[in-house]
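K.L.:
Requesting a structural model of the entry that follows:
(one chain, ligands or ions: 1)
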Amino acid sequence: MSITQGATSADELQRLANDHLWLHFTKMGGGEPPIIVRGDGCYLEDIQGNRYLDALAGLFSVNLGYGFGEEIGQAALEQMRELPFYTNWTYAHPRAIELAAEVASLAPGDLNRVFFVSGGSEAVESAWKLARQYYAVREGATQTSGVEPGEMVGRQVGGPAPGRKYKAIARNIAYHGTTFGALSINGIEALRTPFEPLVPEVRHVSNTNRYHRPVEETEEEFTAFLLEELEQTILEMDPETVCLVHMEPIQNAGGSFVAPAGYWRGVRELCDKYDILLCADEVITGFGRVGHWFASERYDIRPDIVTSAKGLSSSYGAIGAVIATDRVMEPFLDASSMYTHGITFGGHPVMSAIALKNIEIMKRERIMEHVLANEDAFRSTLAQLLDLPIVGDLRGTGYFYALELVKDKETRETFSDEECETLLREFLSPRLFEKGLICRADDRGDPVVQISPPLVATQSEFDEMTGILGDVLAEAWERLQ
Ligand SMILES: Cc1ncc(COP(=O)(O)O)c(C=O)c1O
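P.N.:
Residues are numbered from 1 along each chain as shown. Okay, here's the model as predicted:
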C-alpha cells in the first residue's frame, strides 16, 4: 500500500472521506469512493496499491499523462518563489503575458486575445458574457454620437433594448459546465431541470450524431438538415436577439460526435449572415486531443471565440482561457469601453507558469505529431470491438473515441432507461474499474463508453484497454441474455 507524503492511514482517509468530502456528481449514499493516491504515465494507483489504466485522462484533461509532476512542479516552485500571486485586474505580470502570447501563437487565425479563467465552466460563462457585451459595446459605440454624457445608451425600462443581442444557441446533449450561464447552455435536460429558471435564453438544436439517422440519408443530406434546422431556430428566436452559437468541434456528451462534411462551413456562414458570434468550446479538444493545438484548426471552424481549460495545463493546474479574435476585441479597445468581468484567480501566476511548462513539454515531446501518427492505429485497435454484438458504433478521432452500445445491431435499437441503469451504472463502470480500466460508461444520450486516454498512450495501452473492454462488454452482453 502506498500513500503520498506519509500523511494519514488508509482507514483514516476512508473514514475522513466518508465524513467530510462531498463528491461532485455523486450519490453520496452510494458507498465508499475509491481513493487514488498516485499516477505515472497513463496509470493510476489506488490506496490499496491497485493499478489502473486511465483511459479517460482524468476528465479528458491530463493530456500529458501523470509523469511530469517533477518538471512542472519545479516551474510552479520557481514561480511561487518569485511571485506567488498577483492579479489580472488592472495589472499584468510576466507569466500571464507570456502565456497569453503563447496561446495566441498556437491558436488559428486572428484569435489573438486571451482572457484567463480558472476552468471550463468559467470559460463558457465568460464567452457568453463576452458575446452579450460585444454587441452592447459595439452598438453603444455606434449610438453614442449625439448622446449626452451620463445618458443611458441602448436601454429601455422593462426589457432589453431594441436590437440587443443576448440569446445563445447550443446543441442537444452537449455538456458545457455547471455555473448558471454554462449550465443554461448545456444541452442535457437532466442537469438543467433541477435549477430552472435558468439564464435567458438558450435553444438547443440537433447534434451531429448520425448513427440514428435514416440509413439511406447521405452525408450531404444530413448536413443540409442540420443547417436548415439551425437557420430556422435563429429565425424563430429573432436573429436580432441572438449573440452566440456555442458548439464543441467534436461533441463529447453522447459520444464523440464528429460533424459531417460541410457543417462547419455552413455554421460559419449562418453566423456571418445573421451577425452572431461563433464560439468553439475546446475545453476538451484544445491542446492536442485530436492532434492539433485546437480542433478548430483541424476542421477549419474559424470561430470568433474559443473556450479552453483542461489540456491548457494538462490539468496540473486550475486554469482556463477564453480566446477572442481581433474583431471581437476591437470595440473593447476603445478607451471608454470595458469587458465588465473578472475573477480573482484568472491568470494566476503559478497556474500560468504551469500551463507554460505544459506547452513547452508538449512541444518537446512532439505530442501533436504523436497523436496524429497513432490515431489510425488507435482507431483500428478499438474497431476490433465492433465484432461484439453489443457494440453498435465506434466514433471519434485523434485520442477521443466513443463506443455506442446497442441492444440490436441490425435495428440499432438502444437500451431502456432501466437497462441503462443496470448495464452502465450498476455493472459496466464498476466492472471495468475492478479489471483495472478507467473509462466512462455514459448515458447522457444513448449509452456509450468514452475513451480518451493521455496523449502519451501507445499501442500497448491501446491493446490493454481494448482487451479489458472486450472482456467486460462480452460479459455485459451475456448478462442481458
Ligand atoms: C466541452 C466542455 N465545456 C465546458 C466544460 C466545463 O469545464 P469545467 O468542468 O472545467 O468547469 C466541460 C467539462 O467537462 C466540457 O467538456
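K.L.:
Only the buried residues of stretch 125-145, if you could.
P.N.:
Neighbour-count burial for stretch 125-145 flags 125-141 (criterion: 16 or more other CB atoms under 10 Å). (Glycine included, C-beta is placed from N, CA and C.)
K.L.:
Show me the contact partners of that stretch.
P.N.:
Residues outside stretch 125-145 that contact it (CB atoms under 8 Å, 6 or more residues apart in numbering) are 115, 117, 153-154, 161, 163-166, 168, 177, 179-182, 185, 199, 243-244, 246, 277, 279, 281, 305, 307, 322, 324, 328, 331-332, 334, 337, 339-341.
K.L.:
Near the ligand, list only the ones from those.
P.N.:
Taking CB under 6 Å from any ligand atom as the test, the ligand is in contact with 177, 281 out of those.
K.L.:
can you tell me which of the contacts of stretch 125-145 are in strands?
P.N.:
115, 117, 168, 243-244, 246, 277, 279, 281, 305, 307, 322, 324 (DSSP state E).
K.L.:
any idea which of these is closest to residue 15?
P.N.:
Nearest to residue 15, judged by CB to CB, of the ones in strands among the contacts of stretch 125-145 is residue 117 at 35.3 Å.
K.L.:
any idea how far the closest residue to the ligand within the chain lies from residue 425?
P.N.:
Residue of the chain nearest the ligand, by CB to the nearest ligand atom: residue 120 (2.0 Å). According to CB to CB, to the nearest Å, residue 120 stands 24 Å off from residue 425.
K.L.:
So for those two, which sits in the more crowded spot?
P.N.:
Ranked by neighbour count (other CB atoms under 10 Å), residue 120 and residue 425 place residue 120 first, with 28 against 14.
K.L.:
Model confidence score at residue 306, please.
P.N.:
For residue 306, the pLDDT comes out at 98.
K.L.:
Repeat that for residue 159.
P.N.:
So, for residue 159, pLDDT stands at 39.
K.L.:
For this protein, which residues are neighbours of the ligand?
P.N.:
Residues of the chain lying close to the ligand by CB under 6 Å from any ligand atom are 59, 119-121, 124, 175-177, 248, 252, 281, 283-284, 309.
K.L.:
Reformat these as a markdown table; add secondary structure.
P.N.:
Listed next are these as a markdown table, based on DSSP: H, G, I helix; E, B strand; the rest coil:
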| residue | secondary structure |
| --- | --- |
| 59 | helix |
| 119 | coil |
| 120 | helix |
| 121 | helix |
| 124 | helix |
| 175 | coil |
| 176 | coil |
| 177 | coil |
| 248 | coil |
| 252 | coil |
| 281 | strand |
| 283 | coil |
| 284 | coil |
| 309 | coil |
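K.L.:
Top of those by number of neighbours, please.
P.N.:
Among these, the one with the most neighbours (other CB under 10 Å) is residue 176, at 34 neighbours.
K.L.:
just for this protein, where's the confidence low?
P.N.:
1-7, 141-163 (pLDDT under 70).
K.L.:
Try it again at 80.
P.N.:
Where the chain drops to pLDDT under 80, the residues are 1-7, 30, 140-163, 424-425.
K.L.:
Let me see the domain layout of it.
P.N.:
Domain assignment for the chain, taken from automatic domain parsing, gives 34-64+366-480, 75-144+161-364.
K.L.:
Now the terminal residues of the last one, how far apart.
P.N.:
Spelled out, that is domain 75-144+161-364. Domain 75-144+161-364 has an end-to-end distance of 16 Å (CA to CA, to the nearest Å).
K.L.:
mind listing the helices for the stretch 51-200 of the chain?
P.N.:
For the stretch 51-200 of the chain, the helices defined by DSSP state H, counting those that start in this stretch occupy 57-60, 69-82, 94-106, 120-143, 180-185, 189-192.
K.L.:
what's the angle between the fourth one and strand 277-281?
P.N.:
In this structure, helix 120-143 runs at an angle of 170 degrees to strand 277-281, with axes from the mean of the first three to the mean of the last three CA atoms, to 10 degrees as the basis.
K.L.:
residue boundaries of the helices in the stretch 251-400 of the chain?
P.N.:
Using DSSP H, counting those that start in this stretch, helices in the stretch 251-400 of the chain cover 263-273, 295-298, 326-329, 349-364, 367-383.
K.L.:
between these, which gets nearest to residue 409?
P.N.:
helix 367-383 (14.4 Å).
K.L.:
Just the buried residues of that closest one, please?
P.N.:
By neighbour count on 16+ other CB under 10 Å, the buried set for helix 367-383 is 367, 368, 370, 371, 372, 374, 375, 378, 379, 381, 382.
K.L.:
about what we covered before: return the members of the contacts of stretch 125-145 classed as buried.
P.N.:
Listed as buried from these are 115, 117, 154, 161, 164-166, 168, 177, 179, 181-182, 185, 199, 243-244, 246, 277, 279, 281, 305, 307, 322, 324, 328, 331-332, 339; burial here means 16+ other CB under 10 Å.
K.L.:
my guess is residue 357 meets residue 71, correct?
P.N.:
Yes: proximity of residue 357 to residue 71 meets the contact threshold set by CB atoms under 8 Å, at 6.7 Å.
K.L.:
quick one, which of the two is more surrounded?
P.N.:
Taking neighbours as other CB under 10 Å, residue 357 and residue 71 compare with residue 357 leading, 24 against 15.
K.L.:
Please name the nearest non-neighbouring residue to the more buried one.
P.N.:
Excluding the flanking residues, the one nearest residue 357 by CB to CB, 6 or more residues apart in numbering is residue 75, at 3.9 Å.
K.L.:
And the one you found, how far from residue 18?
P.N.:
From residue 75 to residue 18 the distance is 36 Å (CB to CB).
K.L.:
of these two, who's got more company?
P.N.:
Counted by other CB under 10 Å, residue 75 and residue 18 do not tie: residue 75 has more neighbours, with 23 against 12.
K.L.:
ok, how many other residues are close to residue 82?
P.N.:
Neighbour number of residue 82 under other CB under 10 Å is 13.
K.L.:
what does residue 25 give?
P.N.:
Counted with other CB under 10 Å, residue 25 comes out at 6.
K.L.:
Surely it is in a strand?
P.N.:
No: read with three-state DSSP, residue 25 is coil and lies in no strand.
K.L.:
The chain should start at 5 in everything you say after this.
P.N.:
Sure, I'll start counting at 5 from here, so that last one is residue 29.
K.L.:
how about it, phi and psi?
P.N.:
phi 40, psi 50 (degrees, to the nearest 10).
K.L.:
Likewise for residue 19?
P.N.:
Torsion angles, degrees, to the nearest 10, at residue 19: phi -70, psi -40.
K.L.:
That one: neighbouring residues, count only.
P.N.:
Neighbour tally, residue 19, other CB under 10 Å: 13.
K.L.:
quick revisit: kindly reformat the helices of the stretch 55-204 of the chain as CSV and extend each row with distance to residue 476.
P.N.:
Formatted as CSV, the helices of the stretch 55-204 of the chain follow (distance: least, CB to CB, whole Å):
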stretch, distance to residue 476
helix 61-64, 20
helix 73-86, 30
helix 98-110, 38
helix 124-147, 29
helix 184-189, 33
helix 193-196, 25
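K.L.:
wait, which of these is closest to residue 349?
P.N.:
helix 124-147 (9.1 Å).
K.L.:
Just the angle for that closest one relative to strand 246-251, thanks.
P.N.:
150 degrees.
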